[in-house]
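In: this one's sequence-less:
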């Protein structure tokens, strides 16, 4: 796993998700190291570095998609943190979640907003 694609992916993963991203990768080590490798190489080595969208836009799109899916709350937590790490504001994150109420429904938006609240409390952006 010392190829350039993998190494570039690790750097991008660290830039976006920091410790949380590495925890996800580490959690796969004993059950599916291949899935960890594919995540690093494909998502963070091939897709995130592409021209055309900046990291803020990519993370807001990811927050929107995970909100709409409604069943990916742990990943949503990681990517809300990632959005904040790359310069998104809490307002941008919450607005994307509110927008998803129109297309994914209120339950998905309400659940996502609770995840955002947890992240904002953890990062001392808001009080509990």
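Out: Good, I have the coordinates. As the structure is a computational prediction, the values presented were derived from the model and not from experiment. Numbering: from 1, shown residues only.

In: please make it C-alpha for all contacts and neighbour counts, starting now.
Out: Will do.

In: find the residue at the geometric middle of the chain.
Out: Compute the mean C-alpha point of the chain, and by Cα atoms, centre = their mean the closest residue is residue 79, 1.8 Å away.

In: residue contacts, that residue?
Out: Listed by Cα atoms under 8 Å, 6 or more residues apart in numbering, the contact partners of residue 79 are 17, 59, 62-63.

In: biggest helix in the protein by residues?
Out: Counting by DSSP state H, the longest helix found in the chain is helix 4-27.

In: list the helices and strands the helix or strand immediately after that helix in the chain packs on?
Out: Next in sequence after helix 4-27, counting helices and strands by DSSP states H and E, comes helix 33-38. When contacts are defined as 3 or more Cα pairs under 8 Å, 6 or more residues apart in numbering; DSSP states H and E, helix 33-38 packs onto helix 4-27.

In: pull the residues that contact the helix it packs on.
Out: Applying Cα under 8 Å, 6+ apart, the external contacts of helix 4-27 come out as 1, 36-37, 40-46, 48-49, 55, 78-79, 81-83, 85-86.

In: just the buried residues of the residues you listed.
Out: Buried members of the contacts of helix 4-27, counted by 16 or more other Cα atoms under 10 Å: 36-37, 40-41, 44-46, 48-49, 55, 78-79, 81-83, 85-86.

In: please narrow these to those residing in helices.
Out: When DSSP H defines the helices, the subset of the buried ones among the contacts of helix 4-27 inside them is 36-37, 55, 78-79, 81-83, 85.

In: what's the distance between the residue nearest to the centre of the chain and residue 3?
Out: Between residue 79 and residue 3 the computed distance is 25 Å (Cα to Cα, to the nearest Å).

In: ok, residue 76 next?
Out: For residue 76, the distance to residue 3 (Cα to Cα) stands at 29 Å.

In: returning to what we had before: got the confidence number for the residue nearest to the centre of the chain?
Out: Per-residue confidence (pLDDT) for residue 79: 96.
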